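**Q** sequence unavailable; structure follows:
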């Protein structure tokens, strides 16, 4: 099994894969070049906080997916960028016959796993701590696990979530939905905030399998999620080194 980091400008991927000689860094470079070329022609793509109409021109796959996923999730295209890159990189490795690959890009994960694994849930919540995880059963199809937070990381969030994690077939879509739902974690109490986020989830149920919402002393789930188990407490700052 190969473990490595790929850092290219704003993209920071932590990779575990059974593929050797994959040259994934070059593929990430090509994805980023296609994205930057589109932004040069369409500046609003990089700063819009709501979906944009697709221009009438030939689009690269990464740009097309970001337009599409942002429309599903009712967010700006760049809210889907990390998950889209994770998803496309996973597909790249699967095409190289990978049966076990995990790509984490800014908290947005795409994976395929031919054995059981644990995926830590990092919310820094005072009550739950950081010693719980999803137990992911072996699977042969891609899975996206994407998280948004108002308190961790640099992404824009208009809500007050410790974390919102969305799981589904597409990391690109789940990335946008995590942002969308986290924006709706609003209210006068943590119970109100979680309740409003659950209402938001109902508007997008066709696009994801399950979601976990953590805010203060309230936790809620919707849909189908992997089993949540206790695990050794972890520190993302250590994992990021």
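**A** Done, it's in. Every value quoted in this text rests on a predicted model; they were computed, and no experiment measured them.
**Q** next, the buried residues of the biggest helix by length in the chain.
**A** Longest helix in the chain, counting residues (DSSP state H): helix 24-41. Buried residues in helix 24-41, defined by neighbour count with 16 or more other CB atoms under 10 Å: 24, 25, 27, 28, 31, 32, 35, 38, 39. (C-beta placed from N, C-alpha, C; glycine too.)
**Q** could you do stretch 205-223 as well?
**A** Buried residues in stretch 205-223, counting neighbours by 16+ other CB under 10 Å, are found at 207-216, 218-220, 222.
**Q** for the longest helix of the chain, packing partners?
**A** Where contact means 3 or more CB pairs under 8 Å, 6 or more residues apart in numbering; DSSP states H and E, helix 24-41 is packed against strand 2-8, strand 11-17, helix 44-47, helix 61-73, helix 81-94.
**Q** again, only using 10 Å
**A** strand 2-8, strand 11-17, helix 44-47, helix 61-73, helix 81-94, strand 100-105 (3 or more CB pairs under 10 Å, 6 or more residues apart in numbering; DSSP states H and E).
**Q** pull out the buried positions in stretch 177-196.
**A** Under the neighbour-count criterion of 16+ other CB under 10 Å, stretch 177-196 has 177-187, 190, 193-196 buried.
**Q** flag the shaky bits of the chain, pLDDT-wise.
**A** For the chain, applying pLDDT under 70 flags the ranges 123-130, 151-157, 233-241.
**Q** what about the longest strand in it?
**A** Ranked by number of residues, the top strand in the chain under DSSP state E is strand 139-148.
**Q** okay, the angle between the next helix or strand after that strand and helix 81-94?
**A** Where DSSP states H and E defines the elements, the next helix or strand beyond strand 139-148 is strand 163-168. Interaxial angle of strand 163-168 relative to helix 81-94 (axes from the mean of the first three to the mean of the last three CA atoms, to 10 degrees): 40 degrees.
**Q** all numbers from here: first residue = 10
**A** Sure, I'll start numbering at 10, so the last one becomes strand 172-177.
**Q** now the angle between strand 148-157 and strand 172-177, please.
**A** Between the axes of strand 172-177 and strand 148-157, defined by the same axes, to 10 degrees, the angle is 150 degrees.
**Q** output the contacting helices and strands for the helix or strand following strand 172-177.
**A** Toward the C-terminal end, the helix or strand that comes next after strand 172-177 (DSSP H and E) is helix 180-192. Judged by 3+ CB pairs under 10 Å, 6+ apart, the packing partners of helix 180-192 are helix 70-82, helix 90-103, strand 109-114, strand 117-122, strand 148-157, strand 172-177, helix 199-211, strand 219-224.
**Q** most tightly packed of these?
**A** Mean neighbours per residue, mean count of other CB atoms under 10 Å, is largest over the helices and strands packed on helix 180-192 for strand 172-177, with a mean of 28.
**Q** neighbours of residue 11, how many?
**A** Using other CB atoms under 10 Å, the number of residues around residue 11 comes to 12.
**Q** next: the one 3 residues further on.
**A** Taking other CB under 10 Å as the criterion, the count of residues near residue 14 is 11.
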